[in-house]
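Trainee: coordinates only, no sequence provided:
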């Protein structure tokens, strides 16, 4: 069997979550998220972000979270600004556009967008009401190419959005990895302070499934549950999501798992650096993008699964390697030994 570095959701879930699901299996609960586990998980999240006024809603996946949040926050004539590498722009099969909202893509070097870039989009859409009105800025942390936002960058985005009456929404599918990155200076409290909404990703950080949508802007909290129900995302057995986030957050397992995944990726990154390999982007999370020759890619493909991410030229391509909470030391060392043998 090949070791897989294709994604961070290949395995089921952390054993502690399975244990918690088994132990609580026969305890009767109210449905649709009105259970003791969801309420407990919401309180834990409010404590972690130091924002008791924020509201927490649990859904099963990231595309679902993005679709519901953006369609709920925007009026029919309003649109979204995002990096072209952003998940909603490239990998959600037009989910946002299917709800009637245009996504304006911004070309970026590092997956992150800046106030100046957003300002350019606003500048070329002044012919209202003949053009759509930009209303929401979508960012990912970590980004789809493994980079992270700094506190200063997020604060500047927040200030710009407030000045221009835009909502700021953060996709947190890999937020655990971003927060545990060695070059991160953001806290959950900062993110709650500077965004109108974000989500805490569980699917890619040890959960069986599930994301926790956190709405900080009180105006946007109103009747959000209706949107979840209308989009078919309100689980009758919502307890399954609450139990998982309760287990992940009660003693910071969530952050331990993100730290572990990052550490394994950085070991692999160091091995590539030692043989003089370049990278598509400079990352310190659980995603790395080494640029290799076609021959080197073929050598590694014999024993490991990963994606060939971007063609650089006829001779070279960038591959994407992702480690996870379940990546073992054996997997990492085996991969490193193979890197040392590359020709």
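Mentor: That came through fine. In this text the structure is predicted, and so the values were computed from the model without any measurement.
Trainee: what is the mean pLDDT for the helix or strand hosting residue 58?
Mentor: With secondary structure defined by DSSP states H and E, residue 58 is part of strand 55-59. Summarised as a single mean, pLDDT over strand 55-59 is 98.
Trainee: contacts for it?
Mentor: 33, 38, 41-42, 45-46, 65, 68, 210-215, 221, 224-225, 228, 233, 235, 238, 241-242, 245 (CB atoms under 8 Å, 6 or more residues apart in numbering). Placement of C-beta: from N, CA and C, glycine included.
Trainee: could you do stretch 18-32 as well?
Mentor: Contacts of stretch 18-32 (CB under 8 Å, 6+ apart): 12, 35-37, 208, 234-240, 243-244, 246-247.
Trainee: go through it and flag the buried ones.
Mentor: 20, 21, 24, 29 (16 or more other CB atoms under 10 Å).
Trainee: taking these one by one, which sit in helices?
Mentor: The helices, defined by DSSP state H, take in 20, 21 from these.
Trainee: mark which of the contacts of strand 55-59 are buried, thanks.
Mentor: The buried subset of the contacts of strand 55-59 - by 16+ other CB under 10 Å - is 33, 38, 41-42, 45-46, 65, 68, 210-215, 224, 228, 233, 235, 238, 241-242, 245.
Trainee: restricted to strands, list those residues.
Mentor: Among those, the members found in strands (DSSP state E) are 211, 212, 213, 214, 215.
Trainee: got JSON lines for these, with distance to residue 109 and pLDDT too?
Mentor: Shown next, in JSON lines, are those (distance: CB to CB, whole Å; pLDDT from 0 to 100):
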{"residue": "211", "distance to residue 109": "28", "pLDDT": "98"}
{"residue": "212", "distance to residue 109": "31", "pLDDT": "98"}
{"residue": "213", "distance to residue 109": "29", "pLDDT": "98"}
{"residue": "214", "distance to residue 109": "29", "pLDDT": "98"}
{"residue": "215", "distance to residue 109": "31", "pLDDT": "98"}
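Trainee: before we move on, the earlier item: out of the contacts of strand 55-59, list just those in helices.
Mentor: 38, 41-42, 45-46, 65, 68, 221, 224-225, 228, 241-242, 245.
Trainee: do you know the pLDDT at the spatially most central residue of the chain?
Mentor: By CA atoms, centre = their mean, the chain has its centre lying nearest to residue 173, at 2.1 Å. Turning to residue 173, the model gives it a pLDDT of 98.
Trainee: quick one: contacts for it?
Mentor: Taking CB under 8 Å, 6+ apart as the test, what residue 173 contacts is 62, 87, 140, 199, 201, 203, 204, 211.
Trainee: do you know how far residue 117 is from residue 156?
Mentor: For residue 117, the distance to residue 156 equals 12 Å [CB to CB, to the nearest Å].
Trainee: what of residue 333?
Mentor: From residue 333 to residue 156 the distance is 41 Å (CB to CB).
Trainee: what is the nearest of the ones in strands among the buried ones among the contacts of strand 55-59 to residue 83?
Mentor: residue 211 (19.7 Å; CB to CB).
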